[in-house]
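**Q** no sequence on this one, just coordinates:
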Ligand code: SAH
């Protein structure tokens, strides 16, 4: 992440004076065409990110490298992605660190995979659709490169039918019926392991909680995260009129170990 000049082959976000943003892959001969004229990629190559250049007409464009959130919101997608506000929350709910062994299902376009891999996890993804799996792998290689791609494997696999992995640290789910995975997760996670599920509907969260309550998982919680932007200009200081008011609910729980005497683990307060 150290300071290095912009090179051919990498992506930049071009931002105009109105804040409009365009994701562009730099090439030696490339040109960015806008309504306000042309920016030659050679104007950017060799410069530090943060550089401002002028298009033919004089309009200014500033180039920065895209953040993970910038990329997730603009990358090619086959399925609805999890929004950055929820990706951040999932990383801490699942307590993901370098080397953490994670099973992710379904993989979709790979937004959550990108966040997990960026945090250093080793990720096995189960995905029903081979075209989605291929898209996710391409997005990961594209944005995170070979090192992260080497920690990522996606299988065409119905997670409702079972989990082949054992001794996993974490399982993260974004699919319609996460309660169907609870029994399999009990066998695949190590004691102390964490399951996190993202569900757009609270009815899904409630059904998952029922399955968790009847399982060896404890410490269950369900939360939602609201992000409200603010408009700040001079004396006009107020929340934005519009916000993304709903994305999904996050439910997490921990797998307990065996209890002496073979009894079921005591119920812990959530
Ligand atoms: N979290 C992803 C989006 C996942 S969309 C992202 O951030 O990009 C939900 C995905 O779950 C879809 O791709 C769907 O094909 C997959 N899916 C649904 N049921 C599944 C199952 N039983 N096993 C594996 N994948 C499943």
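**A** Looks like it came in fine. Predicted, not measured: the structure shown is a model, and the values here were computed from it.
**Q** how about the most centrally placed residue in the chain, what does it touch?
**A** Relative to the mean C-alpha position of the chain, the nearest C-alpha, by Cα atoms, centre = their mean, is the one of residue 112, at 2.7 Å. Listed by Cβ atoms under 8 Å, 6 or more residues apart in numbering, the contact partners of residue 112 are 81, 82, 87, 90, 104, 172, 174, 198. C-beta here means a position set from N, CA and C on the backbone, and glycine is covered the same way.
**Q** and what of residue 91?
**A** Applying Cβ under 8 Å, 6+ apart, one finds that residue 91 lies in contact with 115, 116, 119.
**Q** now the strands for the stretch 1-150 of the chain?
**A** Ranges of strands in the stretch 1-150 of the chain, per DSSP state E, counting those that start in this stretch, are 11-16, 21-25, 31-34, 37-40, 52-54, 60-64, 101-105, 122-127.
**Q** can you tell which of those is closest to residue 76?
**A** The closest of these to residue 76 is strand 21-25. By Cβ to Cβ, the value is 10.7 Å.
**Q** pLDDT of the closest one, averaged?
**A** Per-residue pLDDT values over strand 21-25 give a mean of 94.
**Q** strands paired with that strand, and their directions?
**A** Looking at strand 21-25 with DSSP bridges, its paired strands and their directions are strand 11-16 (antiparallel).
**Q** Flag every buried residue along stretch 92-105.
**A** Of the residues in stretch 92-105, those with enough neighbours to count as buried (16 or more other Cβ atoms under 10 Å) are 93, 94, 96, 100, 101, 102, 103, 104, 105.
**Q** In terms of distance to residue 69, which of the contacts of residue 112 ranks first?
**A** residue 87 (7.7 Å).
**Q** Any idea how many residues pack against the closest one?
**A** Using other Cβ atoms under 10 Å, residue 87 has 21 neighbouring residues.
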